[in-house]
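*Asks:* Test case, fold it:
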Amino acid sequence: MIKADVVIKNGKVATIDKNFGYVEAVAVRDGWIIDVGSNAEIEGSVGPGTKIIDAGGRLVLPGCNDSHMHAAHTGLTLSPTFLDFNGPAFTSLKDIQDKVFEAASKAGPGEWVFGCGFVDGNLKELAAENRFMNRWDLDSVSKDVPVVLTDFSLHSLV
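*Replies:* Sure, this is the predicted structure:
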């Protein structure tokens, strides 16, 4: 087995696979990911010269180093009413509306509901109607609670 230059263990490693899965560890050689899996599965990639990093349960993102961040969005994710719509579980507008309704029902006076991650094209009703989500889709379930949802790219919002 090829030995890794670096192994990151005890993390929440985003595999970016079709299921948006997470594993505990990742092995890297010459800047390339050579294996992902549980801590035990990656143990075979450790050699005498392998640098081992303990992620301490933190998130590990493979791929690239992005030189910018969406600071305002990052702040919104800290809201107790923040909704995460990333991943394959959200395939219909009703999925989004149900989650918005639940959050709006729990929101206190003056609270907003924030969310992120939806993909219009993945929502079957919107795809069938060849349209984007709009405020009326959300107003119908949020009542008097303000709602702001940003798409997966953080460049469009409703």
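
*Asks:* only C-alpha atoms for contact and neighbour calcs from this point on.
*Replies:* Will do.

*Asks:* any low-confidence regions in the chain?
*Replies:* 63-69 (pLDDT under 70).

*Asks:* For it, give the helix that spans the most residues.
*Replies:* Under DSSP state H, the helix in the chain containing the largest number of residues is helix 93-106.

*Asks:* Now do that one: everything it contacts.
*Replies:* When contacts are taken as Cα atoms under 8 Å, 6 or more residues apart in numbering, the neighbours of helix 93-106 outside the stretch itself are 81, 83, 85, 90, 112-113, 123-126, 133, 137-138, 141-143, 145, 147.

*Asks:* Enumerate the positions of it that are buried.
*Replies:* If you call a residue buried by 16 or more other Cα atoms under 10 Å, then helix 93-106 has these buried ones: 93, 96, 97, 99, 100, 101, 103, 104.

*Asks:* Give me the residue at the spatial middle of the protein.
*Replies:* Centroid check for the chain by Cα atoms, centre = their mean gives residue 86 as the closest residue, at 4.9 Å.

*Asks:* That one: which element?
*Replies:* Residue 86 is located outside every helix and strand, with elements delineated by DSSP states H and E.

*Asks:* For it, which non-adjacent residue is spatially closest?
*Replies:* Sequence neighbours aside, residue 117 is the residue nearest to residue 86 in space, at 4.4 Å (criterion: Cα to Cα, 6 or more residues apart in numbering).

*Asks:* show me the contacts for that neighbour.
*Replies:* Under the criterion of Cα under 8 Å, 6+ apart, the contact list for residue 117 reads 84, 85, 86, 87, 150, 151, 152, 153, 154.

*Asks:* how far away is the second one from residue 78?
*Replies:* Distance, residue 85 to residue 78, by Cα to Cα, to the nearest Å: 15 Å.

*Asks:* what about the two, which has more around it?
*Replies:* In this comparison of residue 85 against residue 78, neighbours counted by other Cα atoms under 10 Å, the higher total goes to residue 85 at 21 against 10.

*Asks:* right, and the secondary structure at residue 140 would be what?
*Replies:* Under DSSP: H, G, I helix; E, B strand; the rest coil, the three-state class of residue 140 is helix.

*Asks:* burial count for it?
*Replies:* Residue 140 is flanked by 11 other residues according to other Cα under 10 Å.

*Asks:* List the buried residues for stretch 42-50?
*Replies:* Within stretch 42-50, the residues that qualify as buried are 42, 43, 45, 46, 47, 50, counting by 16+ other Cα under 10 Å.

*Asks:* Contacts only, for the fourth one.
*Replies:* Neighbour list for residue 46: 3, 4, 7 [criterion: Cα under 8 Å, 6+ apart].
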